[in-house]
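**Q** Mind folding the following:
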Amino acid sequence: MFNQPELVSTQRVFGVANATVMLGTACHAFPAATAAYEAWLTENQSTMQTLTATLAVHYRIALDTPNQQSRVAQAMHLKTSLDLSPDTLDEVCPTLADTLALPQMNLQQRYRDTLAEVSDPNYLKLKNKPARPASATEVKASTSDAETATEQTP
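**A** Numbering: from 1, shown residues only. The predicted model follows:
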């Protein structure tokens, strides 16, 4: 699968879109969130349909299947609904409009960005490997080198 960057990018963007749809639906009692979500959905609907159809074919889900987005999400082992407490909704829904306005929430742009990322041949390699602890010998050598350099400085 990792030699198929288009599929990996499609899966990643679908996951974000699916979560956004669930949260947008869950925030129906918040007018600003609802308006922002409806605008986001209008702007991204076509891309969302393309992502869903592409993944439906990959997961062998008939293209005329009802609730296709949910079926694709299930095939990907993603959530298909949110069960958020009123307190959680009170916390997250007022920020939804600002979040949806972010450039990375444009699904077409997000697809292009993730495709560039996953197409990199080093995608799966650790970019910032954690530093391995220095051994006592290396610490001693490093200290010796520093002392030698200090002694040589006029």
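**Q** contacting residues around Gly15?
**A** Met76, Leu78 (Cβ atoms under 8 Å, 6 or more residues apart in numbering). All C-beta atoms are positioned from the backbone trio N, CA, C, and that covers glycine.
**Q** Give the buried residues for the helix or strand harbouring it.
**A** Taking DSSP states H and E as the definition, Gly15 sits inside helix 5-26. Buried residues in helix 5-26, counting neighbours by 16 or more other Cβ atoms under 10 Å, are found at 5, 8-14, 16-18, 20-24, 26.
**Q** Quick one: mean pLDDT for it?
**A** Across helix 5-26, the average pLDDT comes to 96.
**Q** Following element in sequence after that helix, please.
**A** Counting by DSSP H and E, the element after helix 5-26 in chain order, helix or strand, is helix 31-58.
**Q** That next one to helix 5-26, inter-axis angle?
**A** Put simply, helix 31-58 runs at 140 degrees to helix 5-26, going by axes from the mean of the first three to the mean of the last three Cα atoms, to 10 degrees.
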